[in-house]
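Visitor: with the input below, show me the fold.
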Amino acid sequence: MKSTVDIDLDCRAVVGLADEYPAGFRDPEHSHERIQLLYASSGVMSVVTDTTSYVIPPQRAVWIPSGVPHEVSCRGPVSLRSLYIDPRYERGEPYCHIVEVSQLLKALIIEVTQIPLDAELTDRDEQVMSLLIREVIDSRKIPYAAPMPNDRRLVRVCREILEDPADQRDTNEWASMAGMSRRSFTRAFKRETGMGVAVWRQQVRLLEAISLLSTGAPVTSVAMDVGYESPSAFCAMFQKTFGVPPSKYAF
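Guide: As a prediction, the model looks like this:
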């Protein structure tokens with residue numbers, strides 16, 4: 001991702017950057033002294049923190065508080081808009097979360113990233129930034145995330161599933177990978193994530209499905225790609241989880 005080392009991020013309330021990234025790009029774990037709002041105007045990103053894994057399709061953005069270690073991956077080509085926001089605004093939003101990007105918020109994000117970094121701010125620029133911050137804080141939060149465990153043995157299993165949600169290994173095999181008995185593994189996994197490994201994998205599969213659907217992939221191929229044995233089983237679980245069939249899921 002574009003380096004911020006040579007950029008004065010404290011020069012204004014919001015600093016906006018725009019860049020293009022190829023499929024498969026990965027930015028290793030890092031953090032920022034400012035709040036970061038990541039928005040892909042096209043393409044799909046995944047963001048992993050110590051506590052949660054997120055999938056961010058178009059028309060969504062992720063709010064990352066200052067100092068939170070995270071890594072970013074691009075599923076396909078991504079047009080990225082990254083905002084660095086004064087940390088004093090964390091008082092209302094202290095945790096990572098996904099926000100819905102309305103047409104107004106999208107326009108404000110794009111407008112801020114077009115303000116030259118070496119230019120003196122006009123009254124209009126400052127008003128745009130103030131409105132953007134208000135819109136971000138007021139935006140609807142979206143639960144597109146899977147909680148991450150702290151135990152490194154469990155993290156290893158979770159990262160394997162995140163890399164390939166269609167992986168069909170069963171609980172015994174995951175426990176073996178973690179170097180734990182089945183009983184210890186299932187208890188630890190539920191204690192640290194709040195759900196069993198099968199439910200967690202299902203959540204990851206649905207998040208991956210959202211990612212693929214947002215690129216225009218057909219429902220049948222998405223169902224197979226994320227590990228479902230039939231499109232009907234996939235559609236039923238998608239409808240149960242999100243309240244709409246995948247064919248009608250709009251971004």
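Visitor: residue boundaries of the strands in the stretch 51-200 of the chain?
Guide: 52-56, 60-64, 70-74, 78-85, 97-100, 141-142, 145-147 (DSSP state E, counting those that start in this stretch).
Visitor: worst mean pLDDT among those strands?
Guide: When the strands of the stretch 51-200 of the chain are compared by mean pLDDT, strand 141-142 comes last with a mean of 78.
Visitor: ok, and what's touching that strand?
Guide: If you take Cβ atoms under 8 Å, 6 or more residues apart in numbering as the criterion, strand 141-142 is touched by 60, 97-100. Heads up, the C-betas are built off the backbone N, CA and C, glycines and all.
Visitor: try stretch 212-228
Guide: Applying Cβ under 8 Å, 6+ apart, the contact partners of stretch 212-228 are 43-44, 57-58, 75-76, 165-168, 201, 205-206, 208-209, 230-231, 233-235, 237, 246-247, 249, 251.
Visitor: out of the residues you listed, which end up buried?
Guide: With burial judged by 16 or more other Cβ atoms under 10 Å, the buried subset of the contacts of stretch 212-228 is 43-44, 57-58, 75-76, 165, 201, 205-206, 208-209, 231, 234-235, 237, 246, 249.
Visitor: buried stuff in the one helix or strand Gln202 maps to?
Guide: For Gln202, the host element (DSSP states H and E) is helix 197-213. Using 16+ other Cβ under 10 Å as the test for burial, helix 197-213 gives 197, 200-213.
Visitor: okay, the angle between that helix and strand 60-64?
Guide: Per axes from the mean of the first three to the mean of the last three Cα atoms, to 10 degrees, the angle that helix 197-213 makes with strand 60-64 is 130 degrees.
Visitor: the stretch 1-150 of the chain: helices as residue ranges?
Guide: Ranges of helices in the stretch 1-150 of the chain, per DSSP state H, counting those that start in this stretch, are 103-113, 123-138.
Visitor: out of these, which one sits most buried?
Guide: Among those, ranked by average contacts under mean count of other Cβ atoms under 10 Å, first place goes to helix 103-113 (a mean of 18).
Visitor: can you list contacts of that helix?
Guide: 14, 16-18, 37, 39, 41, 59, 61, 81-83, 101, 128-129, 131-132, 135-136, 139.
Visitor: which residue packs closest to Pro65, ignoring adjacent ones?
Guide: Leaving out its chain neighbours, the residue that sits closest to Pro65 by Cβ to Cβ, 6 or more residues apart in numbering is Glu90, at 5.4 Å.
Visitor: so after the helix holding Gln202, what's the next helix or strand?
Guide: Moving toward the C-terminus from helix 197-213, the next helix or strand (DSSP H and E) is helix 219-225.
Visitor: so which bits of that next one are buried?
Guide: For helix 219-225, a neighbour-count test (16+ other Cβ under 10 Å) marks 219, 222-223, 225 as buried.
Visitor: export those as CSV, with columns for pLDDT and distance to Thr122.
Guide: Conversion of the buried residues of helix 219-225 to CSV gives the following (pLDDT from 0 to 100; distance: Cβ to Cβ, whole Å):
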residue, pLDDT, distance to Thr122
Val219, 93, 47
Val222, 93, 46
Ala223, 94, 51
Asp225, 93, 48
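Visitor: look up how far Val14 lies from the spatially closest residue to Gln168 that is not a sequence neighbour.
Guide: Using Cβ to Cβ, 6+ apart and skipping the chain neighbours, the partner closest in space to Gln168 is Gly227 (6.6 Å). From Gly227 across to Val14, the span is 40 Å (Cβ to Cβ, to the nearest Å).
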